[in-house]
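Undergrad: Pasted the sequence and its predicted model underneath.
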Amino acid sequence: MPNHDRPLIDPAPDTAPAEAGLSLGRRSVAEFAGTAALAAVVIGSGIAAQQLSPGDVGLQLLENSTASALGLAVLILTFGPISGAHFNPVVSLADWLGGRRQPTGLGTGELGAYVAAQCSGAIVGALLADAMFDRTPLQIATHHRVTGGHLLGEIFAAAGLIAVGFAAARHGRGASAAAVAAYLGSAIWFTSSGSFANPALTVGRMLSDSFTGIAPASVPAFVAAQIVGGLAGSSLMTLLYRPAGAD
């Protein structure tokens with residue numbers, strides 16, 4: 001059984017997978033539930049921020065980024081032992097690419113199952129967030145976000161997410177949860193795009209016309225930028241963390 005809760009390349013000996021032997025079905029349910037919860041946290045906190053701090057975009061961003069970072073850390077610790085807590089097709093793609101070099105990454109069928117679970121989970125989470133705040137459950141966002149700077153921001157955000165997640169995973173699940181959450185919280189501020197960095201959540205955000213929403217016309221370019229960034233981050237970590245003597 002592939003090892004899903006560990007670095008993508010040259011894993012450290014003290015990061016043995018807790019979920020080894022678990023069925024793909026169980027792991028897919030964990031990815032669905034975790035991504036749905038993450039989407040509800042990100043979108044729900046954005047809606048709450050709009051209601052609590054109308055007219056103050058900076059405070060809205062602070063509220064949203066804080067809730068998103070804390071929520072992600074908790075979800076990684078909760079679902080990590082089951083599926084590795086990817087919650088993101090870019091992360092799963094990087095894991096699959098790692099498996100082309102050694103037999104520890106996701107298989108092709110597993111990649112498809114993970115991505116399907118993540119995308120469907122993000123959609124359910126978006127609908128849940130809208131319903132919790134008594135908004136029309138099925139909305140279409142109107143916030144167009146595509147500019148050259150925003151796409152560059154998404155490339156940087158996704159590359160950093162893969163790099164931080166890969167490096168931190170070598171130190172155990174707790175360190176990984178803290179590092180990835182801290183990176184996300186800061187990247188929401190320092191990237192021009194607001195650090196979506198997740199194709200599944202980008203699709204989910206399309207269904208909420210709120211502070212965190214994104215118009216459907218902007219989604220393809222954002223997803224493409226995220227994939228490019230994920231591949232760049234994975235390539236960098238492959239170069240830096242390849243086994244000793246491979247230079």
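TA: Structure received.
Undergrad: Check which residues of stretch 223-236 are buried.
TA: By neighbour count on 16 or more other C-beta atoms under 10 Å, the buried set for stretch 223-236 is Val223, Ala225, Gln226, Ile227, Val228, Gly229, Gly230, Leu231, Ala232, Gly233, Ser234. (Each C-beta comes from the backbone N, C-alpha and C, glycine too.)
Undergrad: What distance do you get for the fourth one to Ala197?
TA: Right, Ile227. Distance, Ile227 to Ala197, using C-beta to C-beta, to the nearest Å: 11 Å.
Undergrad: overlap in contacts of these two?
TA: Val90, Ala158 (C-beta atoms under 8 Å, 6 or more residues apart in numbering).
Undergrad: Tell me how many other residues crowd the residue nearest to Pro216 when sequence neighbours are not counted.
TA: Once flanking residues are discounted, Pro216 sits nearest to Met206: 5.3 Å by C-beta to C-beta, 6 or more residues apart in numbering. Using other C-beta atoms under 10 Å, Met206 has 23 neighbouring residues.
Undergrad: which residues touch stretch 187-197?
TA: Stretch 187-197 is contacted by residues 61, 64-65, 68-69, 88, 90, 145, 147, 149-154, 156-158, 160-161, 184, 202, 205, 212, 214, 222, 226, 229 when judged by C-beta under 8 Å, 6+ apart.
Undergrad: same check, this time on stretch 147-162
TA: With C-beta under 8 Å, 6+ apart as the test, stretch 147-162 has contacts from 88, 90-91, 94, 180, 183-184, 187, 191-198, 221-222, 225-230, 232-234, 236-237.
Undergrad: repeat that for 7 Å
TA: 90-91, 94, 183, 187, 191-193, 195-197, 221-222, 225-226, 228-230, 232-234, 237 (C-beta atoms under 7 Å, 6 or more residues apart in numbering).
Undergrad: Filter those residues down to the ones in helices?
TA: 90-91, 94, 183, 187, 221-222, 225-226, 228-230, 232-234, 237 (DSSP state H).
Undergrad: Just the element for Leu75, please.
TA: helix 57-83 (DSSP states H and E).
Undergrad: oh sorry, the question was meant for Ala177
TA: According to DSSP H and E, Ala177 maps onto helix 173-190.
Undergrad: May I see the buried residues of that helix?
TA: Buried positions in helix 173-190, judged by neighbour count with 16+ other C-beta under 10 Å: Arg173, Ser176, Ala177, Ala178, Ala179, Val180, Ala181, Tyr183, Leu184, Gly185, Ala187, Ile188.
Undergrad: Quick one: which of the residues you listed has the lowest pLDDT value?
TA: Within the buried residues of helix 173-190, pLDDT reaches its minimum at Arg173, with 86.
Undergrad: Need phi/psi at the spatially most central residue of the chain.
TA: Residue closest to the average C-alpha location in the chain (C-alpha atoms, centre = their mean): Asn88, at 4.0 Å. Main-chain torsions, Asn88, degrees, to the nearest 10: phi -160, psi 120.
Undergrad: hang on, isn't it packed against Val203?
TA: No: with contact defined as C-beta atoms under 7 Å, Asn88 does not count as touching Val203 (11.7 Å).
Undergrad: one step back: what's the angle from the helix holding Ala177 to helix 57-83?
TA: Calculated by axes from the mean of the first three to the mean of the last three C-alpha atoms, to 10 degrees, helix 173-190 forms an angle of 150 degrees with helix 57-83.
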